[in-house]
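*Asks:* starting from these lines, generate the structure:
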Amino acid sequence: MMSCLYMLMAVCAAAQTTIDKTTRIYVMHSSGKVLCKNGNNHAAIVSPDDPLAGKLIIIPLGDGYYNIAGADGNGFMQLEGQWNTYFRESNTPEEAKYSIESAGGNYVRLRNKVNGKCLGTDSTVDGSYAFSDKDGSSVMHLWYLSDDKDAPVETSITSYVINPDARKQTIEGWGVSLCWWANMCGKWSDEKIDELVDWLVSPEGLNFNIFRYNIGGGDDPENRNCDPHHMGSGKGLRAEMEGFKDSTNGGYIWTRDEAQRKIMLKIREKRPDAIFEAFSNSCPYYMTYSGCCAGNSNGWKDNLKPEYYEEFAHYLVDVCKHYKDEYGIEFRTLDPFNEPLTNYWSRNGGQEGCHFDLNSQIAFLKVLSPILKESGLNTVISASDESMLGDSYKTFEGYRSAGVLDLIGQWNTHSYYGSNKDRSKIRTLSQESGLRLWMSETGNGGSGISGNLEMAKRLMNDVNYLMPAAWVDWQYVEEGNDQWCMVTGNFAAQTYNKVKNYYVRQQISRFIKAGYTILSVADDKVLAARNAAGDSLVIVAINSDVTPINHTVDLSFYESIGSDITGYITDETRNMEQNSDFSIDESKLTFKLPGLSIATFLIPVTEKSEQASEPEEGAAYMLLSRTAQNMAIGENESGYAVLNTASMSDDQKWTLKADGDNWIFENKNGNMLTYSAGEYYVSCTKGTQGKQAFRIENIDAPFCKIVTADDARALDLEKESNNAGTRIGVWEYGTEPTVVHRQWLMMKMPEDTPDIPDNIISAESGTGNMIEVEDGMIRINDKNEGVVKIYSVTGSLIAEINTGSTALIPMGKGIYAVKYSSAGATASKVVIIR
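*Replies:* Have a look, this model is predicted:
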């Protein structure tokens, strides 16, 4: 799978980062839009063909700062207040001074002198305002300076392979918590509830089928130890959950929590296959140290008194049993904890919460387990719903050491914080213990579709590295934001509407259905899945940058590809609209993904009846790190094995050669993975200059360890790093399953086809020097506007680029067929990049 990025730059439009005299120049947003002064003097971006798209005047001030005047010479761009940016008459305020800082490549940041913040936008739609309050970390905060407003925007290219046999986990569904939106929306009219739930569960909607019901603890109705309605100043009054009991001796009041129950019953009516989980944020107030169900006075301290462990366990089980007996809803799992290791939960806080130390969790599970088993329910315990992946790993290890994993039937984790290494470790522990794994809650801030796509990136990381059977969102309906929800509304007015996040999530959940199996892809911004019958492939790709990406998908591992491909796309202006901007050429799918977008393709396929599931002699593989599956082992200039971005380059394609029961890895450059006794680093050498035999041992599909044949040392990431350039060594594998830095995914590569297709060889010939190779780049020599088409040796279109002038196109090592057409001439040439 290739995830290499080839950047296009028109030579005449190279951006400037220093200006030593007053200069008229286009200030271009990274999206290709032009910075301008709009009709009300606000800084904004518009399309190059807009009448407002003129050259601004940049005036150096001699101290590293610049004034930026409007195209008409009137008004200087300056910060007003905390973020607004206007063109005003005076250029003397410090707020009118900006520095121009290199941001890498052709990009610059424009940083305001007063607040130290950068100029940027929250959107790329025509007319979007520019604000001087950005941190410079997003591509929407980047600019380039150009004499040509129509020069092509930088374009990235990514290529990858999808193999139906490279299977990961099977998905049992997508879901959301009912807490707390159902506590409010359940009070709405039946008609509105019906539509709201339909959007949520319909196969044509979000297609969610997993729901987490919150068992409320309930606060002290007399507020003896907390302020009345204290949650209103935190998560809002929606977070006030009713408990079913007010005291130890009091009876259950089953009429409570009517609103959440009404939503749950409507879900069950519309979605009979729904899976329900019950979870608790806190025990009832009267069981706590603080007398408040929001937490202890010290957030680092437990709030459930140990003498109430048994009573609280009965409380949880009794609620579960009530729903089974009265409504026929049997919760498949019961989670007694919510982010228990954190210090988020304290008296008078913004929601129900309860800290549990690790030992307290273990002690409570030992009380809850027999009570639940004796209830006659089929419900099993899930745990522990830690907020951070690192805490989840720590808690899992704690349960494992204490020998209580057999008390639970499912591991739940949230993914608000953590790395892909943490995700991989949790997955290995769940596999070793045989526990079903859920990502049971997460959410994200941000703004606009950019924030929505960041959440989609987290979802893809969760699915690809944590590999849960289910992925569960936090909120469905919220007031006052479009990030932590998919529907926004007014709870009191009973008004509601879908937001962009709904469509972003729908691009995934509607099409990757329960029963689909995730496939390995060496690109972290792509999800692929096959249905159970194996006759349908789903590909979802996101582009969280503003510059477009051209995708080439190699589907040659399939017997055949159907022509009836359906595409959908969501971007700043489209919501799950059908998308026909793709092409299929034999076994290659190509499509262009615009900036800030997510696209889905439904592809009818026929899988080959027999494909090798074990390592195959003579086949080539990329060796991908488990903790960074978009990174592969290759070689550096010094001849050492290193980790780099997966690019399907010759140094990353390792052909297997049998050596008895062992294997030798030789890349397309003719170099073999080589190690020496007593030495750590692995080198890439020709001939038998050292030890080269390895064993391949499966761990949990699709991962393996690769160990030296003579001393059983495993291929290892130096210092556990998975950054580009990390050197590969060999080290004792160890006995723990969590040594994920010594675990690999062997991605089989298609067979190379070296012949150039006839249609390229026979292309029209023009002037011979129009296409040249220069310093690892393809050079186009022409003064006219033209189109460059670059083909692989198998005939796949790698890139199609519009050029406004002479252009340099950086490419990876390889053989390419290049065709160039312009008004002046046409030329074609086969080139070799060495």
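
*Asks:* flag the shaky bits of the stretch 651-800 of the chain, pLDDT-wise.
*Replies:* 752-769, 793-797 (pLDDT under 70).

*Asks:* so residue 612 makes contact with residue 619?
*Replies:* Yes: the criterion here is C-beta atoms under 8 Å, and residue 612 meets it with residue 619 at 7.2 Å. C-betas here are computed from N, CA, C, even on glycine.

*Asks:* what touches both of those two?
*Replies:* With contacts taken as C-beta atoms under 8 Å, 6 or more residues apart in numbering, residue 612 and residue 619 have residue 748 as neighbours in common.

*Asks:* now residue 380, nearest residue through space, not along the chain?
*Replies:* Spatial nearest neighbour of residue 380, excluding adjacent residues (C-beta to C-beta, 6 or more residues apart in numbering): residue 409 at 3.2 Å.

*Asks:* those strands in the stretch 51-200 of the chain, which residues are they?
*Replies:* 56-60, 66-69, 76-80, 84-88, 98-102, 108-112, 118-121, 130-134, 143-146, 156-161, 167-170, 173-177 (DSSP state E, counting those that start in this stretch).

*Asks:* likewise the stretch 601-750 of the chain?
*Replies:* Assigned strands in the stretch 601-750 of the chain, in chain order: 620-625, 628-635, 641-645, 654-659, 662-667, 672-674, 683-685, 694-698, 703-708, 713-717, 728-732, 744-748 (criterion: DSSP E, counting those that start in this stretch).

*Asks:* how near is residue 472 to residue 178?
*Replies:* 11 Å (C-beta to C-beta, to the nearest Å).

*Asks:* neighbour count winner among these two?
*Replies:* residue 178 (25 against 22; other C-beta atoms under 10 Å).

*Asks:* you'd agree the more buried one is up against residue 215?
*Replies:* No: at 10.8 Å, residue 178 does not count as touching residue 215 under the criterion of C-beta under 8 Å.

*Asks:* hmm, back to that, which neighbours do residue 472 and residue 178 share?
*Replies:* With C-beta under 8 Å, 6+ apart as the test, residue 472 and residue 178 both reach residue 212.

*Asks:* this protein - how does it break down into domains?
*Replies:* Using automatic domain parsing, the domains assigned to the chain come out as 10-152, 157-166+518-607, 172-511, 620-748, 758-833.

*Asks:* ok now the fourth one, how far from the chain's centre?
*Replies:* I take that to be domain 620-748. Offset of domain 620-748 from its chain centre (C-alpha atoms, centre = their mean, to the nearest Å): 26 Å.

*Asks:* and for the longest one?
*Replies:* Mean C-alpha position of domain 172-511 versus that of the full chain (C-alpha atoms, centre = their mean) differs by 22 Å.

*Asks:* now stretch 619-628
*Replies:* 20 Å.

*Asks:* hmm, who's touching it?
*Replies:* Stretch 619-628 has contacts (C-beta under 8 Å, 6+ apart) with 1, 419-421, 424, 465, 520, 522, 612, 615, 630-633, 643, 646, 648, 652-656, 665, 668, 703, 706, 715, 717, 722, 740-741, 743-749, 751-752.

*Asks:* touching, residue 729 and residue 718? I think so.
*Replies:* Yes: the pair residue 729 / residue 718 is scored as a contact, 5.6 Å apart, by C-beta under 8 Å.

*Asks:* the more surrounded of these two?
*Replies:* residue 729 (20 against 16).

*Asks:* grab the nearest non-local neighbour of that one.
*Replies:* Closest residue to residue 729 apart from its sequence neighbours, by C-beta to C-beta, 6+ apart: residue 680 at 4.0 Å.

*Asks:* pull stretch 521-532 out as CSV, backbone CA atoms only.
*Replies:* Extracted in CSV, the C-alpha atoms of stretch 521-532 (Å, rounded to 0.1, in the frame of the first residue of the first chain):
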residue,chain,number,x,y,z
VAL,A,521,-5.1,-1.0,4.7
ALA,A,522,-1.7,0.8,4.9
ASP,A,523,-3.3,4.2,5.1
ASP,A,524,-4.6,5.5,8.4
LYS,A,525,-7.2,7.7,6.7
VAL,A,526,-8.9,4.8,4.9
LEU,A,527,-11.3,2.1,6.2
ALA,A,528,-12.1,-0.9,4.1
ALA,A,529,-14.6,-3.7,4.9
ARG,A,530,-16.1,-6.7,3.2
ASN,A,531,-19.6,-8.1,3.8
ALA,A,532,-20.1,-11.7,5.0
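
*Asks:* residues near the residue nearest to residue 729, how many?
*Replies:* 14.

*Asks:* with residue 462 instead?
*Replies:* Quick note: residue 462 (other C-beta under 10 Å) scores 20 neighbours.

*Asks:* who touches stretch 38-56?
*Replies:* Here stretch 38-56 has contacts from 24-27, 29, 31-37, 68-72, 75, 77, 84-88, 119, 121, 124, 126-131, 149-150, using C-beta under 8 Å, 6+ apart.

*Asks:* much appreciated, bye for now.
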